[in-house]
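# Quick one, structure for this:
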Amino acid sequence: MPVEPLVCAHTATRVSSVLNRDVKQFGKQHLFDGSEETCWNSDQGTSQWVTLDFPRPVKVSQLHIQFQGGFSSRLCTLEGCKTGEELVKISELYPQDSHAMQISFQVEETVLDKLKITFGSSTDFFGRVVVYHLGVLGERL
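Residues are numbered from 1 along each chain as shown. Here you go, the predicted model:
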């Protein structure tokens, strides 16, 4: 099956926090805008996260992510579920502390309606995470 981007205009996105509550400059919309000039910048905290509620079931197979070096996560935990079910852990990823696009983290293919990506163990002393690009790829069912 062909792999395609799963995030669309109808995907509901939530984030744990936004730096100084400045959603215009650092909000969640910048995760998917394709611009190298914008980013989601979390506020301080021990664990930051992004949730994606897809409009219909999907099968996630890859995650692409681009952090700002010095503000990345040493551990990304992926959890997912179908509507009305509890989140279950799908996999753990170990990104590099780099500004480079980190492509093709292979994910155990799972059918889900909701995906939660938790950024634990930030490389920033205050727990902030900066993401320039987040790509979730797979198959729409």
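
# Tell me the strands beside the lowest-mean-pLDDT helix or strand in the chain, with direction?
Scoring the helices and strands of the chain by mean pLDDT, DSSP states H and E places strand 102-122 at the bottom, with a mean of 86. Strand pairing for strand 102-122, using DSSP bridges, gives strand 47-67 (antiparallel), strand 73-81 (antiparallel).

# Just after it, pick out the following helix or strand.
Counting by DSSP states H and E, the next helix or strand C-terminal to strand 102-122 is strand 130-140.

# residues making contact with that next one?
Residues from elsewhere that reach strand 130-140 (Cβ atoms under 8 Å, 6 or more residues apart in numbering): 1-7, 30-32, 34, 36, 38-42, 50, 52, 56-68, 71-72, 99, 101, 107, 109, 115, 117. Bear in mind the C-beta positions are built from the backbone N, C-alpha and C, glycine included.

# Tell me the buried residues within those residues.
The neighbour-count criterion (16 or more other Cβ atoms under 10 Å) marks 6-7, 30-32, 38-42, 50, 52, 58-63, 65-68, 71-72, 107, 115, 117 among the contacts of strand 130-140 as buried.

# so what's residue 139 bridging to?
For residue 139, the beta-bridge partners are residue 59 (DSSP bridges).

# and if you look at residue 80?
residue 88, residue 115.
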